[in-house]
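Enquirer: The amino acid sequence is not available; the structure is as follows:
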């Protein structure tokens, strides 16, 4: 009898989940989803196809708008640029995607990405000033010093060596930079790997990054169980909390003049000034009346800055190195521009501002391979898209695919499948605003994009002052996509020659 009851219960649960999460509905085209897997089996995801290529294939098959299930998560994919502009400019209808809140709130419920409404406004008012140009450019020498450490490692290597660990090297560089900008701390990721692994904070930050991906792909209930049972993730969180709390205590005991100086470059020092004086009192207030950030909110924001900034920027840098190895003529033009602007060895802010062609190259890398698949918005009320005339309903989630827009021939005068930085000096100089949105658009776009662009320009300029990347051959340097939080090149193998 008990067995029959359990069997019936399981069948009913399967039927319920099939109807709720895996049933095709509405008139928007797409493929009927499989139970548990959605469209991932049909699309070739488990055979190695990456989401950008999958969504491109579906657009060619179904048109500008279609349904797609990433496992149990249904999204309406919007490819028409007029509809995309409508979504980004109607913030009262299209708010932060529920999936971001559902997923990131499991571990980091107090971070910017996990908030909406009044709470989001409070957080953004305190975090946005951290990424203004005046604060960003003060990190110039810091970024150069970290890049020089990487160059020093490369200089010691065998010149005949094919570097197949470029992705790891880029991640180590960006993690080192984040350590200084975020914590004013040397994570030593550019030293001997065996040394850096012994640093507790460094390993904790790596563990946090590695724990994010399973959470994104699992249903919320299973993801919560995974997080609660994941000892490494819980320990990493505790280590980061302890370190940040020590910094907070140190900052509060430091004299005001030194605090002002540290605020110019260190994110955590800047956030200390936003701490609530009485957390218990603030917790009793309505969200609209709250001021400042609690200690747990500061921890979550710092982790969110790491996850959002580190992975995406390092992926773009890895793609830059890969694409330079495939396009030596572009490398040479960058080097010529550096020489013409007296930037052969020294880099200043004025020198950076004069590197127009390098700006084009960075934009082309971001266009050719955006770091993220896309961004998601959830409807707060019913709406109809203006171009495709598709009716959408409250609670549905739309995805804007960055790669599709950046490779759509309707929005680019020069063939978008060609890597050609000069497009931004010619026919595509005045491209549609929403054809190139690697950091998202609208009021929920990435607040750290100016810092990411600045880091990329300083690093790439410094690299081009000293080295040339050459193709490591058809076996080692084939590219392809490796999907993590960001889209990484799967196979990068290059020679690094010092000029």
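Expert: Great, that's in hand. Because the structure is predicted, anything quoted here is derived from the model rather than measured.
Enquirer: okay but residue 78 is in contact with residue 67, surely?
Expert: No. Between residue 78 and residue 67 there is no contact under CB atoms under 8 Å: 11.1 Å. Every C-beta, even on glycine, is put in place using the N, C-alpha and C of the backbone.
Enquirer: and these two? which has more neighbours close in?
Expert: More crowded of residue 78 and residue 67, by other CB atoms under 10 Å: residue 78, with 27 against 23.
Enquirer: Tell me how far that one lies from residue 435.
Expert: 14 Å (CB to CB, to the nearest Å).
Enquirer: And residue 328, by the same measure?
Expert: Using CB to CB, residue 328 is found at 28 Å from residue 435.
Enquirer: So between those two, which is more surrounded?
Expert: Counting neighbours by other CB under 10 Å for residue 328 and for residue 435 shows that residue 435 has the greater number, 19 against 13.
Enquirer: Mind jotting down where the strands sit in the protein?
Expert: 65-70, 73-78, 94-96, 374-379, 383-384, 391-392, 397-401, 467-471, 479-483, 487-491, 494-498 (DSSP state E).
Enquirer: other SSEs contacting the third one?
Expert: With contacts defined as 3 or more CB pairs under 8 Å, 6 or more residues apart in numbering; DSSP states H and E, strand 94-96 has these neighbours: strand 374-379.
Enquirer: Give me the helices and strands touching the strand it packs on, please.
Expert: Packed next to strand 374-379, using 3+ CB pairs under 8 Å, 6+ apart, are strand 94-96, helix 98-108, strand 397-401, helix 402-406.
Enquirer: Tell me which of the ones you listed lies nearest to residue 295.
Expert: When the helices and strands packed on strand 374-379 are compared by CB to CB, helix 98-108 sits nearest residue 295, at 13.8 Å.
Enquirer: quick one: that closest one to strand 65-70, angle?
Expert: Angle of helix 98-108 versus strand 65-70, following axes from the mean of the first three to the mean of the last three CA atoms, to 10 degrees, is 30 degrees.
Enquirer: can you list contacts of helix 98-108?
Expert: 73, 111, 113-116, 211, 215-216, 220, 223-224, 227, 233, 237, 300, 303-304, 376, 378, 395, 397 (CB atoms under 8 Å, 6 or more residues apart in numbering).
Enquirer: Give the bridge partners for residue 483, please.
Expert: residue 487 (DSSP bridges).
Enquirer: was I right about it contacting residue 51?
Expert: Yes. Counting by CB under 8 Å, residue 483 touches residue 51, with 6.5 Å between them.
Enquirer: Which one of the two is surrounded by more residues?
Expert: Between residue 483 and residue 51, residue 51 has the larger neighbour count (other CB under 10 Å), namely 21 against 17.
Enquirer: tell me the contacts of the closest residue to that one other than its chain neighbours?
Expert: In this structure, residue 51 finds its nearest non-sequential neighbour in residue 373, 4.4 Å apart by CB to CB, 6 or more residues apart in numbering. Going by CB under 8 Å, 6+ apart, residue 373 touches 51-52, 55, 399, 401-403, 487.
Enquirer: Repeat the analysis, applying 7 Å as the threshold.
Expert: The contact partners of residue 373, by CB atoms under 7 Å, 6 or more residues apart in numbering, come to 51-52, 401-402, 487.
Enquirer: separation between it and residue 216?
Expert: Taking CB to CB, one finds residue 373 at 11 Å from residue 216.
Enquirer: before we move on, what about residue 188?
Expert: From residue 188 over to residue 216 (counting by CB to CB), the distance is 29 Å.
Enquirer: neighbour count winner among the two?
Expert: A side-by-side neighbour count of residue 188 and residue 216, using other CB under 10 Å, places residue 188 first with 20 against 16.
Enquirer: mind checking the backbone torsions on the more buried one?
Expert: Here is the backbone geometry of residue 188 (degrees, to the nearest 10): phi 60, psi 30.
Enquirer: Show me which positions of stretch 426-439 end up buried.
Expert: Applying a neighbour-count criterion of 16 or more other CB atoms under 10 Å, the buried positions in stretch 426-439 are 428, 431-432, 434-439.
Enquirer: How is this protein partitioned into domains?
Expert: The record's domain parsing of the chain by automatic domain parsing lists 1-71, 72-498.
Enquirer: quick one, which of the ones you listed is packed in tightest?
Expert: Mean neighbour count (mean count of other CB atoms under 10 Å) peaks for domain 72-498 among those, with a mean of 18.
Enquirer: got the end-to-end distance for that domain?
Expert: Chord length of domain 72-498, first to last residue, is 50 Å (CA to CA, to the nearest Å).
Enquirer: Do me a favour and average the pLDDT over that domain.
Expert: In this model, domain 72-498 has an average pLDDT of 89.
Enquirer: so how far is that domain from its chain's centroid?
Expert: From the chain centre to the centre of domain 72-498 is a distance of 4 Å (CA atoms, centre = their mean, to the nearest Å).
Enquirer: can you offset everything so residue one is 42?
Expert: New numbering, starting at 42: the last item is domain 113-539.
Enquirer: Which residue comes closest to residue 438 once chain neighbours are left out?
Expert: Per CB to CB, 6+ apart, closest to residue 438 is residue 419, 4.8 Å.
Enquirer: wait, the one you found sits on residue 132?
Expert: No. In this structure, residue 419 is not within contact of residue 132 by CB atoms under 7 Å, at 12.0 Å.
Enquirer: any idea how far residue 431 is from residue 83?
Expert: For residue 431 relative to residue 83 (CB to CB), the value is 22 Å.
Enquirer: Nearest spatial neighbour of the residue nearest to the spatial centre of the chain, chain-adjacent residues omitted?
Expert: The centroid of the chain falls nearest to residue 353 when counting by CA atoms, centre = their mean (3.8 Å). Excluding its sequence neighbours, the residue lying closest to residue 353 (CB to CB, 6+ apart) is residue 412, at 4.0 Å.
Enquirer: How about the contacts made by the one you found?
Expert: So residue 412 contacts 353, 356-357, 479, 527-528 (CB under 7 Å, 6+ apart).
Enquirer: OK, contacts around residue 537?
Expert: Residue 537 neighbours (CB under 7 Å, 6+ apart): 195, 204, 508, 510.
Enquirer: let's see it at 6 Å
Expert: 195, 204, 508 (CB atoms under 6 Å, 6 or more residues apart in numbering).
Enquirer: again with residue 315
Expert: Contacts of residue 315 (CB under 6 Å, 6+ apart): 167, 333-334.
Enquirer: beta partners of the residue nearest to residue 438?
Expert: Under the criterion used (DSSP bridges), residue 419 bridges to residue 136, residue 438.
Enquirer: and the longest helix for this structure?
Expert: Counting by DSSP state H, the longest helix found in the chain is helix 336-367.
Enquirer: and that helix with strand 535-539, angle?
Expert: Using the same axes, to 10 degrees, one finds that helix 336-367 and strand 535-539 are set 80 degrees apart in direction.
Enquirer: and helix 336-367, what does it pack onto?
Expert: The contact analysis (3 or more CB pairs under 6 Å, 6 or more residues apart in numbering; DSSP states H and E) places helix 336-367 against helix 207-219, helix 490-507, strand 508-512, strand 528-532.
Enquirer: Could you tell me the angle between the third one and helix 207-219?
Expert: Going back to what we said before, that points to strand 508-512. Per the same axes, to 10 degrees, the angle that strand 508-512 makes with helix 207-219 is 150 degrees.
Enquirer: for the last one, same thing?
Expert: On the basis of the same axes, to 10 degrees, strand 528-532 is oriented at 140 degrees to helix 207-219.
Enquirer: Report the separation between the nearest residue to residue 372 once chain neighbours are set aside and residue 495.
Expert: Distances taken as CB to CB, 6+ apart place residue 365 nearest to residue 372, at 4.9 Å, with adjacent residues excluded. From residue 365 across to residue 495, the span is 19 Å (CB to CB).
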